[in-house]
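Novice: Need a 3D model of the sequence below.
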Amino acid sequence: MTTNRFLPNLPNSTEASTGIATLATMTVAPTKIIRGTQILTVASEEIARLGQRPLIVGGERTLTIAQEALLPPLQQQKLEIATISYSPDCSEARLEAMRQAALAHRADLIIGIGGGKALDAAKLLAHWCRLPVVTIPTSGATCAACTALSNVYTDAGAFVYDVPLRRCPDLLLLDYDIIATAPLRTIRAGIGDALAKWYEASVSSGHSEQTLLIAAVQQARVLRDILLQKSVAALKQPGSPVWREVVDATVLLAGVIGGLGGAQCRTVAAHAVHNGLTQLHNSRNTLHGEKVAYGILVQLRLEEMIQGNQLAAAARQQLLKFYSEIELPSTLAHLGLGNITLGELRQAAEFACSNTSDIHRLPFKVVPEQLMAAMVSTTVPVEAYRQTGELVGANEESGFKKKSP
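Specialist: Down below sits the predicted model:
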């Protein structure tokens, strides 16, 4: 089992052992968010208030953006700037290299610019070095710019673990002009990732009586409705007002929901499926949100198969139609895994069902064989109940054999 080297030194509740409860720490949203167009040219003063020796973390493409759009205004503030790439991934080895770079530069601020992994790397580096952090998303693909959470991967891109951070970013700069330059595929992926908030939060926390969890679940429902209503139009008009609303939903609202509801409202089976798929080399050409979108269908399929849940079946059919409209993946083949072997499918399913997996936030037990059956039957039609009272495909073993890869 991999040891998490980056867990924050936060107080844990001692109520169970001593009867004395400690205060719970909530990390809901960035301290400050500035959003608009061409904001990098006017936000340098805000950045300078946080530090004078920033280390900028990004990927190859996003460091080029930083060179052109971010460095000139920062240099006008007379900041001492260094840059470093997180590539090949947000891994322990690269994080150590970035930490050494921060020490060598005597950095007093970390700036992350890029997609989810670049921002996760920047946040985790700042967490480790106990420095403030600024996040600048360059696409609408995830809510990583907003959250107090980072994922750690291997150098090859396989998910290892996630790390809850001490706080959300100190400053988030959401520049619609920059996000509009990203491939349209990235906002599609962000829609898939954000949609998961409802399907995961409702199943893990929908019956909670805790005020903040109720609020988070209801906001997740609002988020789903916004995306179902506005995504088609937004994708046809990049840069338009409706497109900006969808970007706000995928980057900001999705992140706040995770902060308000905590881990229970962030990830359940859909993200567990993502984590399992990253163990397969051939899945690494697909985006985080694309795998999560597929994972939502797998989660709904599990609810159909194991619980006989007709609402889940109806929701799956609704999403299949929506996915078709906006070109989100609904099968393994759509993820480039049409020729997956039985052994590879089992490898992904076993990782997704490991003891520490978020899949165990489901209100029922799932074993790898059931997950494998769900993963190969995401598009099966919803049929009437058999005379036995089971949904068609509810027998995971026979269902899997019929659609063995």
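
Novice: which residues sit in contact with Asp120?
Specialist: The neighbourhood of Asp120, defined by CB atoms under 8 Å, 6 or more residues apart in numbering, consists of 90, 144, 149-152. Using the backbone N, CA and C atoms, a C-beta is placed for each residue, glycine as well.

Novice: Correction: the previous question concerned Arg106.
Specialist: Contacts of Arg106 were listed using CB under 8 Å, 6+ apart, and they are Arg53.

Novice: phi, psi of it?
Specialist: For Arg106, the backbone dihedrals are phi 60, psi 50 (criterion: degrees, to the nearest 10).

Novice: dump the residue contacts of the nearest residue to Tyr199 once chain neighbours are set aside.
Specialist: Excluding the flanking residues, the one nearest Tyr199 by CB to CB, 6 or more residues apart in numbering is Ile296, at 5.0 Å. Neighbour list for Ile296: 192, 195-196, 199-200, 270, 319 [criterion: CB under 8 Å, 6+ apart].

Novice: Quick check: the farthest pair among these?
Specialist: When the contacts of Ile296 are compared pair by pair using CB to CB, the two farthest from each other are Glu200 and Leu319, 13.3 Å apart.

Novice: Compare the two and say which is more crowded by neighbours.
Specialist: Applying other CB atoms under 10 Å to Glu200 and Leu319 shows that Glu200 carries more neighbours, namely 29 against 22.

Novice: SS state for the residue nearest to Tyr199?
Specialist: At Ile296, secondary structure determined by DSSP: H, G, I helix; E, B strand; the rest coil is helix.

Novice: I'd like to know how far it sits from Asp175.
Specialist: Remark: distance between Ile296 and Asp175 (CB to CB, to the nearest Å) = 29 Å.

Novice: For the chain, which segments are assigned as strands?
Specialist: Remark: strands of the chain, listed N- to C-terminal, are 33-36, 54-58, 82-85, 109-114, 133-137, 149-153, 159-164, 171-175; assignment by DSSP state E.

Novice: Neighbouring strands - and their directions - for the first one?
Specialist: The reference is to strand 33-36. Based on DSSP bridges, the pairing partners of strand 33-36 within the sheet are strand 171-175 (parallel).

Novice: Show me the contact partners of the strand it pairs with.
Specialist: Surrounding strand 171-175, the residues in contact under the criterion CB under 8 Å, 6+ apart are 30-40, 43, 46-47, 50, 132, 134-137, 145-146, 247-248, 251-252.

Novice: what's the longest helix along the chain packed up against?
Specialist: Assignment by DSSP state H gives helix 211-236 as the longest helix of the chain. If contacts are counted by 3 or more CB pairs under 8 Å, 6 or more residues apart in numbering; DSSP states H and E, helix 211-236 sits against helix 184-205, helix 241-247, helix 254-261, helix 310-326.

Novice: Mind putting those helices into JSON lines with distance to Leu362 and mean pLDDT?
Specialist: Compiled in JSON lines, the helices and strands packed on helix 211-236 are given as follows (distance: least, CB to CB, whole Å; pLDDT from 0 to 100):
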{"stretch": "helix 184-205", "distance to Leu362": "6", "mean pLDDT": "97"}
{"stretch": "helix 241-247", "distance to Leu362": "28", "mean pLDDT": "98"}
{"stretch": "helix 254-261", "distance to Leu362": "16", "mean pLDDT": "95"}
{"stretch": "helix 310-326", "distance to Leu362": "11", "mean pLDDT": "98"}
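
Novice: okay, the ones you listed in TSV with distance to His334 next?
Specialist: Compiled in TSV, the helices and strands packed on helix 211-236 are given as follows (distance: least, CB to CB, whole Å):
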stretch	distance to His334
helix 184-205	11
helix 241-247	21
helix 254-261	22
helix 310-326	9
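
Novice: so where do the helices sit in the stretch 251-400 of the chain?
Specialist: Under the criterion DSSP state H, counting those that start in this stretch, the stretch 251-400 of the chain contains helices at 254-261, 269-277, 288-307, 310-326, 342-352, 368-375, 396-402.

Novice: neighbours around Leu212, how many?
Specialist: Counted with other CB under 10 Å, residues neighbouring Leu212 total 16.

Novice: cool, and Ala141?
Specialist: Counted with other CB under 10 Å, residues neighbouring Ala141 total 28.

Novice: Distance of Gly190 relative to Ala66?
Specialist: Going from Gly190 to Ala66 by CB to CB gives 21 Å.

Novice: More neighbours: these two, which one.
Specialist: When Gly190 and Ala66 are compared on other CB under 10 Å, the one with more neighbours turns out to be Gly190, at 33 against 22.

Novice: wait, that one sits on Thr138?
Specialist: No - under the criterion of CB atoms under 8 Å, Gly190 lies out of contact with Thr138, with a separation of 11.9 Å.

Novice: Poorly predicted segments of the protein, please.
Specialist: Applying pLDDT under 70 to the chain flags the ranges 1-23, 383-405.

Novice: hmm, try it at 80
Specialist: In the prediction, the chain carries residues with pLDDT under 80 at positions 1-24, 264-266, 382-405.

Novice: sorry, back to before: in ChimeraX, select just the buried ones from the contacts of strand 171-175.
Specialist: Buried subset of the contacts of strand 171-175, written as a ChimeraX selection, criterion 16 or more other CB atoms under 10 Å:
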select :30,33,35,39,40,43,47,50,132,134,135,136,137,145,146,247,248,251,252
